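Chemist: heads up, no residue letters with this:
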């Protein structure tokens with residue numbers, strides 16, 4: 001089958017295949033059901049009662065981009081999901097509000113397009129946050145600076161992105177002028193899955209329509225007063241591209257609250273982490289200690305104060321999140337074992 005299936009997925013799926021199940025990919029998530037695609041076409045699927053009973057959190061439920069093991073009833077157009085194939089990547093964020101819960105935005109993507117418009121939406125500090133989450137996902141981040149036709153400071157913006165995104169490709173695109181679209185071809189080739197992430201109104205839907213070659217996504221009009229666009233995408237969806245690639249569109253995010261990003265944080269701020277290792281004292285707090293490499297870099301301008309402040313802010317946010325998550329994980333683990341013990345007790349005796 002297509003949809004990104006390959007020999008590696010086949011090897012991992014072998015145990016489910018022996019149970020008589022077949023692979024399907026989640027292309028759309030509804031409230032309590034999923035649209036999945038199999039070798040015989042699209043089916044409406046639900047998870048099994050056992051899978052729901054043993055789930056301890058959102059990560060135990062399918063998400064758009066997942067490969068799942070299903071028992072298909074093609075004549076009915078339906079299927080039962082029995083399990084999730086281990087993910088190669090997962091972009092998550094904390095759900096909005098006070099509840100500490102993971103929201104999975106997309107899974108099994110090879111590349112994450114981080115889209116930022118070159119107008120009122122442009123914000124270097126916000127891109128640092130997106131980069132941190134992208135590196136943590138396990139996919140390769142690529143920065144797309146969209147709406148180039150609305151900016152006169154393109155070169156400056158590219159330099160700013162390159163200074164915070166070491167080794168990350170930066171592409172300038174304009175759907176109005178058709179600029180830069182050809183440079184995206186290597187990321188959306190056969191078997192490749194790319195997820196689009198960015199704030200509302202950055203032009204994701206218009207860009208996706210150009211890549212699809214059809215008007216599949218509704219587009220909004222930009223307000224001249226503040227440059228913000230209408231929120232047009234309301235759900236996550238996996239779509240096939242003409243060249244054999246796949247893309248996951250996601251709703252725009254006004255704010256990205258990180259969901260655990262230890263490795264992503266270290267990668268995004270590798271320059272500051274390296275400086276920290278050069279301090280005279282290993283427990284340097286980077287305040288007034290003698291021999292502080294970070295304070296020296298701030299003083300001579302090699303480290304921008306805005307970037308360092310962003311580093312401190314995200315560091316504190318992640319530390320606070322870890323404390324809350326630890327309590328949530330303990331509660332989830334306790335609930336999980338309670339469910340397992342109940343299942344064992346309720347099992348009929350022979």
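Modeler: Okay, I see it. For clarity, every value in this text was computed on a predicted model and none was experimentally measured.

Chemist: Can you tell me the SS state at the residue most central in space within the chain?
Modeler: Centroid check for the chain by Cα atoms, centre = their mean gives residue 91 as the closest residue, at 2.7 Å. Look at residue 91: counting by DSSP: H, G, I helix; E, B strand; the rest coil, its state is strand.

Chemist: tell me the domain boundaries of this structure?
Modeler: According to automatic domain parsing, the chain comprises the domains 7-84, 90-249, 262-342.

Chemist: Just name the most buried of those.
Modeler: Ranked by mean neighbour count, the domains of the chain are led by domain 90-249 with a mean of 19 (mean count of other Cβ atoms under 10 Å). All C-beta atoms are positioned from the backbone trio N, CA, C, and that covers glycine.

Chemist: what about the stretch 251-350 of the chain, any weak spots by pLDDT?
Modeler: Low-confidence segments of the stretch 251-350 of the chain, defined by pLDDT under 70: 252-262, 321, 323-350.

Chemist: which residues of it fall in strands?
Modeler: Using DSSP state E, counting those that start in this stretch, no strands are assigned anywhere in the stretch 251-350 of the chain.

Chemist: Just the helices from it, written as ranges.
Modeler: 262-268, 270-276, 293-300, 305-346 (DSSP state H, counting those that start in this stretch).

Chemist: One more: the chain?
Modeler: In the chain, the helices defined using DSSP state H lie at 7-18, 49-54, 124-137, 154-164, 204-212, 262-268, 270-276, 293-300, 305-346.

Chemist: hang on, isn't residue 136 packed against residue 318?
Modeler: No: counting by Cβ atoms under 8 Å, residue 136 sits too far from residue 318 to count as a contact (10.2 Å).

Chemist: of all the domains of the chain, which has the lowest average per-residue confidence?
Modeler: Sorting the domains of the chain by mean pLDDT places domain 262-342 lowest, at a mean of 80.

Chemist: pretty sure residue 237 is in contact with residue 246, am I right?
Modeler: No: Residue 237 is beyond contact range of residue 246, at 10.5 Å (criterion: Cβ under 8 Å).

Chemist: Kindly state the beta-bridge partners for residue 143.
Modeler: Per DSSP bridges, the residues bridged to residue 143 are residue 114, residue 170.

Chemist: Residue 70 too?
Modeler: residue 22, residue 81.

Chemist: Which residues are in contact with it?
Modeler: By Cβ atoms under 8 Å, 6 or more residues apart in numbering, the contact set of residue 70 is 21-24, 36, 38, 43, 45, 79-82.

Chemist: From these, pick the one nearest residue 57.
Modeler: residue 81 (16.6 Å; Cβ to Cβ).

Chemist: wait, doesn't that closest one sit right on residue 50?
Modeler: No: assessed by Cβ under 8 Å, residue 81 is found out of contact with residue 50, at 10.8 Å.

Chemist: right, and the helices of the chain - which one's nearest residue 196?
Modeler: helix 204-212 (4.9 Å).

Chemist: How far away from the center of its chain is the closest one?
Modeler: On the basis of Cα atoms, centre = their mean, to the nearest Å, helix 204-212 sits 18 Å off its chain's mean C-alpha point.

Chemist: could you say what helices and strands it packs with?
Modeler: Applying 3 or more Cβ pairs under 8 Å, 6 or more residues apart in numbering; DSSP states H and E, one finds that helix 204-212 makes contact with strand 140-146, strand 193-198, strand 246-249.

Chemist: Adding distance to residue 118, write those strands out as TSV.
Modeler: What follows is these, written out as TSV (distance: least, Cβ to Cβ, whole Å):
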stretch	distance to residue 118
strand 140-146	5
strand 193-198	12
strand 246-249	21
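
Chemist: Nearest approach to residue 303 belongs to which of those?
Modeler: Set against residue 303 and scored by Cβ to Cβ, the helices and strands packed on helix 204-212 come closest in strand 140-146, at 20.9 Å.
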